[in-house]
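Q: no FASTA, just this:
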């Protein structure tokens, strides 16, 4: 099959207007000191030094596990026959911030992934930014102290993201860069990552996500392959870890049903590091989030503000809470997400707002305030991005994506 043309215009990722220009009015981002995985190194994990994830192990210890694999604990959640048996090329290094080109210091908050790597708690989202806006937005964000940029092949702006990184003067190794595999590249994973790396003008990405669990036919995106699905795609994505082209692999828009299918597949040797999903007080997805936690999969939030015309901005309970903190509603929403343990991806192309987005340190929400926001969805429930634009159902309702 002919490979997708990287120069073709980006396709619509979600068919709802409410998600357009998400986060343009946002306030908030967070930066970090983080560690990454490169080269080859033995991790030397022991039971005594094992992370707390061991408390959530669902299956008995597998003698075939390779203990120096950063995901070895997560293999408890896979069948015995599929315990991880290979060691990817990884070395943990510390990134020190920041270059003289930055006008502001980066923030320190990160979340640890199941690989041992640390993802910045807040990143600059770039979806639905107009052509010509992204380069300057990325440059401004990096100069302001951001260290996390999120993009995707489907957004059509990978080249601008790469240009913005170069223009910022910030060394590549000090930036966490995420991009995503598009739906009609599922049979061309190796070629897809090479295309994205070329667009981004970088030798590697820190996180490569399967954008949707939908393997669409090139040239007919209303049709899915009969002989291929996302389990096959994940099998191919796992091969990328040893190439040095990706540091971590994960998924996006996966509910419990599809994750169960993926994790139970014979070919699955690596538990996804991240599931990037829609998360905000109107769609907190507590069942899915708890499932991810139990499997050691980090939840990353897109649309953390609920879109640019979000009804959350006008909720009396949230406006009063924001006023009491001396912050904006947007800052409160982002701080809520970060304190829930998620990484959040607000979008803005306005330098003033981009700079304001880093004001998430030096203050926090109390447990009572977190609980108050947790209740918002009971009377103000809404979802920005559905699956009706796809030829295959992705979200299965109660107990799956809620």
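A: Thanks, I have the structure now. Quick caveat: nothing in here was measured; it's all calculated off a predicted structure.
Q: pLDDT below threshold where in the protein?
A: For the chain, residues meeting the criterion pLDDT under 70 lie at 1-108.
Q: please enumerate the strands of it.
A: Applying DSSP state E to the chain gives strands spanning 35-37, 92-94, 110-112, 118-120, 124-125, 148-150, 176-181, 207-210, 216-217, 220-224, 249-252, 274-278, 298-302, 343-344.
Q: so which of the ones you listed gets nearest residue 391?
A: For residue 391, the closest of the strands of the chain is strand 220-224, at 5.0 Å, according to CB to CB. Backbone N, C-alpha and C define where each C-beta goes, glycine included.
Q: okay, now the sheet partners of the closest one, with direction.
A: Sheet pairing of strand 220-224 (DSSP bridges) gives strand 216-217 (antiparallel).
Q: what does the partner strand contact?
A: 183, 184, 186, 222, 223, 224, 225, 390, 391 (CB atoms under 8 Å, 6 or more residues apart in numbering).
Q: try it again at 10 Å.
A: 1, 11, 182-187, 222-226, 228, 390-392 (CB atoms under 10 Å, 6 or more residues apart in numbering).
Q: quick check: closest non-adjacent residue to residue 200.
A: residue 162 (4.1 Å; CB to CB, 6 or more residues apart in numbering).
Q: what is the end-to-end distance of stretch 124-142?
A: Using CA to CA, to the nearest Å, one end of stretch 124-142 lies 9 Å from the other.
Q: ok, and for it, which residues are buried?
A: Buried positions in stretch 124-142, judged by neighbour count with 16 or more other CB atoms under 10 Å: 124-129, 134-142.
Q: which pair of the residues you listed spans the longest distance?
A: Greatest spatial distance among the buried residues of stretch 124-142 (CB to CB): 128 and 142, at 20.1 Å.
Q: all helices for the stretch 251-400 of the chain, in order.
A: 256-264, 286-295, 316-325, 329-339, 351-356, 367-374 (DSSP state H, counting those that start in this stretch).
Q: buried sites along stretch 216-230?
A: Neighbour-count burial for stretch 216-230 flags 216, 217, 218, 221, 224, 225, 229, 230 (criterion: 16+ other CB under 10 Å).
Q: closest to residue 372 out of those?
A: Checking the buried residues of stretch 216-230 against residue 372 by CB to CB gives residue 230 as the nearest, at 37.1 Å.
Q: so that closest one is in contact with residue 261, correct?
A: Yes - between residue 230 and residue 261 there is a contact at 8.1 Å, judged by CB atoms under 10 Å.
Q: name the residues contacting each of those two.
A: Here residue 230 and residue 261 have 213, 254 as joint contacts, going by CB under 10 Å, 6+ apart.
Q: the helices of the stretch 251-400 of the chain: which one's closest to residue 345?
A: Closest to residue 345 of these is helix 329-339 (CB to CB; 9.5 Å).
Q: show me what the closest one is packed up against.
A: Packing partners of helix 329-339 (3 or more CB pairs under 10 Å, 6 or more residues apart in numbering; DSSP states H and E): strand 298-302, helix 316-325, strand 343-344, helix 351-356, helix 367-374.
Q: returning to that earlier point: could you dump the buried residues of stretch 216-230 into TSV and include distance to residue 242?
A: Output for those, formatted as TSV (distance: CB to CB, whole Å):
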residue	distance to residue 242
216	27
217	29
218	27
221	31
224	29
225	26
229	23
230	21
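Q: closest to residue 266 out of these?
A: residue 229 (13.6 Å).
Q: can you tell me how far the nearest residue to the closest one once chain neighbours are set aside is from residue 381?
A: Nearest in space to residue 229, with sequence neighbours left out and distances taken as CB to CB, 6+ apart, is residue 215 at 5.4 Å. Separation of residue 215 from residue 381 (CB to CB, to the nearest Å): 30 Å.
Q: out of the two, which sits in the busier spot?
A: residue 215 (23 against 12; other CB atoms under 10 Å).
Q: wait, that one touches residue 394, no?
A: No - taking contacts as CB under 10 Å, residue 215 lies outside contact range of residue 394: 12.0 Å.
Q: which residues pair with residue 111 across the strands?
A: residue 119.
Q: how close does it get to residue 120?
A: 8 Å.
Q: wait, doesn't residue 252 sit right on residue 276?
A: Yes - contact criterion CB under 10 Å: residue 252 and residue 276 qualify, at 4.0 Å.
Q: overlap in contacts of the two?
A: Shared contacts of residue 252 and residue 276, defined by CB under 10 Å, 6+ apart, are found at 152, 178, 180, 209, 210, 211, 300, 302.
Q: list the contacts of the third one.
A: Residue 180 makes contact with 13, 150-155, 158, 192, 196, 205, 207-212, 250-253, 276, according to CB under 10 Å, 6+ apart.
Q: with that, I have no additional questions.
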